[in-house]
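>>> I'd like to go over a predicted model; first the sequence, then the structure.
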Amino acid sequence: MRSSHSFLIAIVGPTGSGKSALALRLARSIPSEIVSCDALQVYRGADIGTGKLSFSGRRGIPHHLLDVACPSQEFSAADYIRLAAPIIEDIDGRGKLPLLVGGTGLYLRALLRGLFEGPGRDATLRHRISDIAGRRGLRFVHRMLARLDAASAERIHPNDLIRTVRALEVCLLAKRPMSDLMKDRRSPLAGYSRLLFGLAPTRAELARRVEVRLRQMFASGLIGEVQRLLSNYGPQAPVLKAIGYRQVAQLLAGEMDVEQAKQSTLRATLQYAKRQMTWFRREAGVVWFPGSGDDPKVGEAIESYLGARPAPRSPMEFFQLRKEEGVHAKTAS
């Protein structure tokens, strides 16, 4: 049963920014249970390459939505909501704080805003639209979308073929603009008060952290993990398309050597981290802290922020006070 005042915290940020470390710190001072918001940690047997905490590393804090899917199965945002919403309700009903932790922005957005329930995919229609794009160009299909759904065309970049195709597909199948259908979304967590904390280490610091973690993954047996996944589930398993797993699969196929696999994984991870930051910067209400989650100063600043609640001050007012005390936290503009 939901408590009279339901509350949750989400910790977001790029891969390698220390989200798990911060979550464990907060869970020691606030009765909490951690709910993973990671599209890869749901897969059983995908441990090293996803940065999944070991049982001992979880320090006795309950963790949810780890190891809930078979690596050979697709796992969607709808699947995530179906599992996550009742877990969060249960945690809240037992008087504990649901602590969402992860870098999969789509899953978090689906939980907080609701999932768009449009028509299913139509392979034939998608092929026709993609064929038009190939013959007439991306700008042409984007103009097609603008005629059918100006609001979606305004939101989707003309060079984003995947999202343009999906928007056109929805408009043509539903016979309604996708932007109209999206207005009907309902959050499964309506009524919850939320705090979203974002971790923003510098680009150089993040690159260093990612490189260190990557070396640790290879040293801890990432190649063996990929061999087992390939053997048990085959090369088409969705998890083997993920960064790191994909490169090691290529390594095992003789398409690159170990150093090439490491460098390719590093580049792809940093590019992914950049996309994550772009996504989360667009999320309303995220309170950003410069630094990593295992930095004691960041942890202290966030704990101080929580200690200030529910005092009636905005994040901007709070951080102005903290700056006066020498804590350099900031919010996204």
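Received the coordinates, thanks.

>>> from here on, just use CA atoms for contacts and neighbour counts.
OK.

>>> setting aside sequence neighbours, what's the nearest residue to the spatially most central residue of the chain?
Central residue of the chain (Cα atoms, centre = their mean): Thr104, 1.1 Å from the mean position. The shortest distance from Thr104 to any non-neighbouring residue, by Cα to Cα, 6 or more residues apart in numbering, is to Asp38 (5.2 Å).

>>> picking that back up, show me what contacts the residue nearest to the centre of the chain?
The neighbourhood of Thr104, defined by Cα atoms under 8 Å, 6 or more residues apart in numbering, consists of Cys37, Asp38, Ala39, Gln276.

>>> sorry, back to before: check contacts around the residue nearest to Thr104.
By Cα under 8 Å, 6+ apart, the contact list for Asp38 reads Val101, Gly102, Gly103, Thr104, Tyr107.

>>> from Ala85, how far off is it?
Noted for Asp38: a distance of 15 Å to Ala85, by Cα to Cα, to the nearest Å.

>>> got the buried residues for stretch 73-89?
Phe75, Ala77, Ala78, Tyr80, Ile81, Ala84, Ile87, Ile88, Glu89 (16 or more other Cα atoms under 10 Å).

>>> that stretch: how far from the chain's middle?
Stretch 73-89 sits 13 Å away from the centroid of its parent chain (Cα atoms, centre = their mean, to the nearest Å).

>>> need the residues that contact that stretch.
Residues from elsewhere that reach stretch 73-89 (Cα under 8 Å, 6+ apart): 1-2, 35, 39, 64-65, 69, 98, 106-107, 110-111, 115, 188-189, 237-238.

>>> repeat for stretch 175-195
5-10, 81, 85, 110-118, 148-149, 151-152, 167, 170-171, 285-287.

>>> lowest confidence element among the helices and strands of this protein?
helix 315-324 (a mean of 41; mean pLDDT, DSSP states H and E).

>>> from what I see, Val68 and Leu40 are in contact.
No - look at Val68 against Leu40 with Cα atoms under 8 Å: they stay out of range, at 10.3 Å.

>>> quick one, which of these two is more surrounded?
Leu40 (24 against 14; other Cα atoms under 10 Å).
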